[in-house]
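Asker: Quick check, what structure comes out for this input:
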Amino acid sequence: MVQNYRSKYISIFSLAAVLIIFWFIFAPVQIGGQVGYVIINGNSMEPEFQLGDLIITRAQNAFELNDRVVYEHPQVGFVFHRIVGQEGETFTLKGDNNNWMDSYHPLQEEIIGRYWFAISGGGNVITKLREPANFTSFALIIGLLLASIFFIQKNQTKRKKIRKKRIMAEKENPGSTSDNRQDLLLIFGILILAALLLGGVAFTRPIIKTIADNYSFEHHGEFNYSAIDESDIYDTGEIQAGDPVYLQLTCVVDMEYFYQFSSPRMVEADQPGYQGYYQFIAKVSDADGWNRSLPLVNRQAFSGTEFSANMRLDICHVQQIIAEKEEKTGTKNRWYDLTFLPEIELLGNLGDKPLADEFEPRIAFQIDSSMMRLPGGVESLVMIEQGMVENSIEVPNTLSIFGLEYTVLSARWLAGLILLLSMLISFWPIRSLFRDWKESDVSRIQVQYHPMLMDIKVGSLDDQGSQIVEVSSFRDLSKMAERYGAMILHEAKRNFHRYSVQDEQTIYQYTLDAIAKQPYFS
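Answerer: Below you'll find the model as predicted:
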């Protein structure tokens, strides 16, 4: 009985270990696992991946440029594309077969996982199974299988009663001497399997990986204008940014532009190392395509990461240019566009990467024969443009094991340590079992069939009125025990051993004389 319970516990432990390993490898993210399953429903990743393929991904703590990943778009759903850029905490992705970037930039927590492997056409199979007719057929097949199992079990009721009777008898007799060596081998065998699995994953991953560590930066420009209100029609007595400028009040508008370059990765000591050039142009144009440029500030150099420039515009002169154009062409427009174009070039080093970038914002006004106005409001006077210098760094590669993070190097050491210790500890039960296997037929039977054996006192088996059937080999006896769900009763007297299986009025037995060295495999 003790052996019977031990066998059940070993089976439960083995099943639990297999389920844990299976969970670690294949559990989907929807129920807390690390694996994502996505069906391809487009052609954006052709030719490598086709419509209807099943994509399997694994969760990662960091993603690199060129990784193929699945992310969750808030409107579209799951998308399988390739990472082509990173800015801060967001990623830029693109389909291999697309000539445009994804408009949505997911965060790291929105990425389900990195491509692991694909099953060609696997998604089509799943899609077909979801159809009502196919799903009903599949459910019917499962139902028939369960029903067949039920009827088989029902037919075995008699055998269960016999087994129950045998168990009651076992309680009245002492169990065989426990042998934990095979149990230990099973436990350490599972540990060796887990170590090989961990080592297989760890040794196929590089110790060091390259990740994106891009340098983001920002161009910031602010435009301002003012003019004197000699007619005192404004509350402040001055025309300020956002107010219309009437030509009958003034022709001269003073303008100021402030520029600043910044980056989270830049320190104050880096600022003097930057230099650049700037110039300002005003351009008047109409809807027909005519335009005329007016230089405001000629090309000038600056150093550092910021500068300010002052300029003055005679809008009456601009109006004269427009009037001359209309007179010579015979065309008239209600409004003309007056655009201010700062052109800024910046050179320097951001981190250890060279930077050469241009910033060319547009400040749009409108002008007619009576005034100049700002249609976009004061918000349009502030211009911000962000950029990025691509950079990468090498960091230790990591593995996620049951929610815990390990470096690949430490995972390799852990796998090797578990493997080495398990093999060393397993040496003793292997050596002991091998020695017993070679010693005699009795010891070989004990080694191979000990969970099924029960030692009883000689003569305690009630065989009166029973038919005695002598089997030719112990293997045949073990098959009878499995058929009737019974233990094999073992009687030993000096060198004589008798093994019996009782089924109602029939006793199947196998006798062995240890001195004769009768082979039990015959």
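
Asker: what number of residues lie near residue 445?
Answerer: Using other Cβ atoms under 10 Å, the number of residues around residue 445 comes to 22. C-beta: built from backbone N, CA, C; applies to glycine.

Asker: after the host helix or strand of it, next one along is what?
Answerer: Applying DSSP states H and E as the criterion places residue 445 in helix 441-449. Going down the chain from helix 441-449, the next helix or strand is strand 453-455, by DSSP H and E.

Asker: Output the contacting helices and strands for that following strand.
Answerer: Strand 453-455 sits against strand 488-493, with contacts defined as 3 or more Cβ pairs under 8 Å, 6 or more residues apart in numbering; DSSP states H and E.

Asker: relative to helix 441-449, how tilted is the strand it packs on?
Answerer: For strand 488-493 against helix 441-449, the angle by axes from the mean of the first three to the mean of the last three Cα atoms, to 10 degrees is 160 degrees.

Asker: picking up where we left off before, in the helix holding residue 445, what's buried?
Answerer: Residues of helix 441-449 classed as buried under the neighbour-count rule (16 or more other Cβ atoms under 10 Å) are 441-442, 444-449.

Asker: Please name the residues that touch the closest residue to residue 256 other than its chain neighbours.
Answerer: Distances taken as Cβ to Cβ, 6 or more residues apart in numbering place residue 224 nearest to residue 256, at 4.7 Å, with adjacent residues excluded. Residues near residue 224 by Cβ atoms under 8 Å, 6 or more residues apart in numbering: 241, 255-258, 381.

Asker: which secondary structure element contains residue 224?
Answerer: Using DSSP H and E, residue 224 falls in strand 215-228.

Asker: continuing past that strand, what's the next helix or strand?
Answerer: Sequence-wise, the next helix or strand downstream of strand 215-228 (DSSP H and E) is strand 238-239.

Asker: So for that following strand, mean pLDDT?
Answerer: What strand 238-239 shows for mean pLDDT is 90.

Asker: Sticking with residue 462, tell me its helix or strand.
Answerer: Assigned by DSSP H and E, residue 462 falls outside every helix and strand.

Asker: Distance of it relative to residue 359?
Answerer: Distance of residue 462 to residue 359, given as Cβ to Cβ, to the nearest Å: 102 Å.

Asker: Which of the two has more residues huddled nearby?
Answerer: With neighbours defined as other Cβ under 10 Å, residue 462 and residue 359 compare such that residue 359 has more, 21 against 10.

Asker: Let me see the confidence value for residue 234.
Answerer: So residue 234 comes in at 86 (pLDDT).

Asker: swap that for residue 106, sorry
Answerer: In this model, residue 106 carries a pLDDT of 90.

Asker: Pull the contacting residues for it.
Answerer: Neighbour list for residue 106: 71-73, 90-91, 93 [criterion: Cβ under 8 Å, 6+ apart].

Asker: From residue 230, how far out is it?
Answerer: Distance of residue 106 to residue 230, computed by Cβ to Cβ: 57 Å.

Asker: same deal with residue 444?
Answerer: From residue 444 to residue 230 the distance is 118 Å (Cβ to Cβ).

Asker: now residue 196
Answerer: From residue 196 over to residue 230 the distance is 90 Å, taken as Cβ to Cβ.

Asker: So the two - more neighbours on which side?
Answerer: A count of neighbours by other Cβ under 10 Å puts residue 196 above the other of residue 196 and residue 230, at 13 against 9.

Asker: Let me see the mean pLDDT of the longest helix along the chain.
Answerer: Criterion DSSP state H: the longest helix present in the chain is helix 408-439. The pLDDT scores in helix 408-439 average 86.

Asker: Tell me the buried residues within the contacts of residue 106.
Answerer: In those, burial by neighbour count holds for 71, 91, 93, counting by 16+ other Cβ under 10 Å.

Asker: was I right about the first one contacting residue 77?
Answerer: This means residue 71. No - Residue 71 lies out of contact with residue 77 (Cβ atoms under 8 Å); the separation is 10.0 Å.

Asker: what's the nearest residue to residue 49 once chain neighbours are set aside in contact with, if anything?
Answerer: Among residues not flanking residue 49 along the chain, residue 40 sits closest, at 5.4 Å (Cβ to Cβ, 6+ apart). Counting by Cβ under 8 Å, 6+ apart, residue 40 touches 49-55, 80, 123.

Asker: at 10 Å instead, please
Answerer: Neighbour list for residue 40: 46, 49-55, 80, 118, 122-124 [criterion: Cβ atoms under 10 Å, 6 or more residues apart in numbering].

Asker: For these, work out which two are farthest apart.
Answerer: 46 and 122 (16.7 Å; Cβ to Cβ).

Asker: Quick one: mean pLDDT over the strand holding residue 224.
Answerer: pLDDT averaged over strand 215-228 gives 92.

Asker: Next: stretch 25-36.
Answerer: 77.

Asker: Please identify the buried residues of it?
Answerer: 29, 34-36.

Asker: How about stretch 372-383?
Answerer: Residues of stretch 372-383 classed as buried: 372-374, 380-381, 383 (neighbour count, 16+ other Cβ under 10 Å).

Asker: Please apply the same query to stretch 318-335.
Answerer: For stretch 318-335, the neighbour count (16+ other Cβ under 10 Å) marks 318-319, 322, 325 as buried.

Asker: For that stretch, list the C-alpha coordinates in CSV.
Answerer: Below are the C-alpha coordinates for stretch 318-335, written out as CSV (Å, rounded to 0.1, in the frame of the first residue of the first chain):
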residue,chain,number,x,y,z
VAL,A,318,5.9,94.5,-49.5
GLN,A,319,2.6,96.1,-50.5
GLN,A,320,4.4,98.1,-53.3
ILE,A,321,5.8,94.9,-54.7
ILE,A,322,2.3,93.3,-54.7
ALA,A,323,0.8,96.5,-56.4
GLU,A,324,3.5,96.5,-59.0
LYS,A,325,2.9,92.8,-59.8
GLU,A,326,-0.9,93.4,-60.1
GLU,A,327,-0.4,96.4,-62.3
LYS,A,328,1.9,94.6,-64.7
THR,A,329,-0.1,91.3,-64.8
GLY,A,330,-3.6,92.7,-64.7
THR,A,331,-4.5,90.2,-61.9
LYS,A,332,-5.8,91.0,-58.4
ASN,A,333,-6.0,88.8,-55.3
ARG,A,334,-7.7,89.6,-52.0
TRP,A,335,-5.0,88.0,-49.9
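
Asker: Strands - which of the buried residues of stretch 318-335 land there?
Answerer: With strands taken from DSSP state E, there is no overlap with the buried residues of stretch 318-335.

Asker: Which secondary structure element of this structure has the lowest mean pLDDT?
Answerer: The helix or strand of the chain with the poorest confidence is helix 157-171; it has a mean of 48 (mean pLDDT, DSSP states H and E).

Asker: so after that one, what's the next helix or strand?
Answerer: Next helix or strand after helix 157-171 toward the C-terminus (DSSP H and E): helix 181-203.
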